[in-house]
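this one's sequence-less:
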């Protein structure tokens, strides 16, 4: 799975070919044993679960990097290599 970022024990990856999400721009995040799928356009957990504190940090990061996430989604759709995204500052 193409990893795009990691910070505070959270690992984020993105891949395009998932029929259950029907082309919806999203990424995956895991922290410990928890894993979730996050919508790119309106950052929110759409599947899985994360602790409240991890969710808060992750969704703030997703809002800050929405343009980069969108670009990576487009790259994934074209089967191009993804670009790493910086952790929160």
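Great, that's in hand. In this text the structure is predicted, and so the values were computed from the model without any measurement.

The protein: helices as residue ranges?
52-64, 66-77 (DSSP state H).

Now render the ones you listed as JSON lines, adding mean pLDDT, distance to residue 40 and mean neighbour count.
From N, CA and C alone the C-beta is placed, and that goes for glycine too. JSON lines is the format used below for those (pLDDT from 0 to 100; distance: least, CB to CB, whole Å; neighbours: other CB atoms under 10 Å):
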{"stretch": "helix 52-64", "mean pLDDT": "97", "distance to residue 40": "7", "mean neighbour count": "16"}
{"stretch": "helix 66-77", "mean pLDDT": "95", "distance to residue 40": "5", "mean neighbour count": "17"}
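
Disregarding flanking residues, what is the spatial nearest neighbour of the residue nearest to the spatial centre of the chain?
When CA atoms, centre = their mean is applied to the chain, the residue found nearest the centroid is residue 27 (3.0 Å). With sequence-adjacent residues excluded and distances taken as CB to CB, 6 or more residues apart in numbering, residue 27 is closest to residue 14, at 4.4 Å.
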